[in-house]
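[1] Next come a sequence and a model predicted from it.
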Amino acid sequence: MHLNIMIGRFNPPTKLHEKIINSMGINSRLFIVNGEKSKNDANKNPLTVEYREKLLKSLHPNIKIDICSNAYQALEIIDVMGYSSVNLYCGTDRINSYNSMKKYFPYKINIIETTRTDDDISASLVRENIRKNNLDYLNQLHSKIDEDQIYNILRMVKCL
C-alpha cells in the first residue's frame with residue numbers, strides 16, 4: 001500500500017501548501033503538527049489545531065487529516081497503519097531531517113522536494129507581516145479561505 005503525505009503546522013495554510021496538496025493526488029493524508037507542549041509558542045502557533053483543520057478541509061474536503069505532536073510521530077502513525085511506502089512532500093529545509101529519520105521505519109520513504117519560488121511565502125512570514133499590519137500578505141493564504149476565515153486568522157494572529 002502506498003500513501004502521499006505532507007507534515008506541517010499549516011499555521012496558516014498558504015498558497016504554497018495549497019499547491020503541494022493539489023499535486024499530491026489521490027490517497028493523500030496531511031499531518032498537522034501541533035508541537036510539543038514545551039515548544040507550543042503562541043507566536044508560532046496562533047491558530048488552533050481545530051481551526052487549521054477546518055481551513056485545510058475548505059481547501060480539499062476529501063483529504064484525510066491527522067493531528068500529531070511532531071514529524072516522527074506522524075511517521076510512526078503511518079507505520080502502524082501498515083503502509084509499505086510513502087511519498088513525503090516537503091520543503092528543501094526539511095530534507096536532511098527526514099532523511100535522518102528514514103532508518104527508523106520499515107517502509108520506504110520517498111522524499112519529494114518542493115522548492116520555493118520567489119512567489120512562495122512561508123506561513124511564518126505571513127504571520128510576521130500580519131502582526132506588522134502589512135495585510136498585503138493575506139493574499140498568500142490559500143485560495144478558498146473566505147472573509148470570515150480571514151477575519152478569524154487576523155484576530156488569532158494579532159490577538160485582536
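    Okay, I see it. Numbering: from 1, shown residues only.

[2] Now for residue 82, how many residues are close by?
    Neighbours of residue 82 under the rule other Cβ atoms under 10 Å: 8. Every C-beta, even on glycine, is put in place using the N, C-alpha and C of the backbone.

[3] Please save the CA atoms from stretch 12-28 in CSV.
    Extracted C-alpha coordinates of stretch 12-28, given in CSV (Å, rounded to 0.1, in the frame of the first residue of the first chain):
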residue,chain,number,x,y,z
PRO,A,12,-1.9,29.4,8.5
PRO,A,13,-2.4,27.3,5.3
THR,A,14,-0.8,29.2,2.4
LYS,A,15,-0.9,29.1,-1.4
LEU,A,16,2.3,27.0,-1.3
HIS,A,17,0.6,24.5,1.0
GLU,A,18,-2.3,24.5,-1.5
LYS,A,19,0.0,24.0,-4.5
ILE,A,20,1.6,21.0,-2.8
ILE,A,21,-1.7,19.4,-1.6
ASN,A,22,-3.1,19.7,-5.2
SER,A,23,0.0,18.0,-6.6
MET,A,24,-0.2,15.1,-4.2
GLY,A,25,-3.2,13.4,-5.9
ILE,A,26,-5.3,10.6,-4.5
ASN,A,27,-4.5,8.5,-1.4
SER,A,28,-3.2,11.6,0.4
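
[4] Can you list the buried residues in that stretch?
    Under the neighbour-count criterion of 16 or more other Cβ atoms under 10 Å, stretch 12-28 has 12, 13, 14, 15, 16, 17, 18, 20, 21, 24, 28 buried.

[5] Just the ones in strands from these, please.
    Among the buried residues of stretch 12-28, the ones falling in strands (DSSP state E) are residue 28.

[6] Give me the residues contacting stretch 98-109.
    71-72, 75-76, 78-79, 83-86, 88, 90, 111 (Cβ atoms under 8 Å, 6 or more residues apart in numbering).
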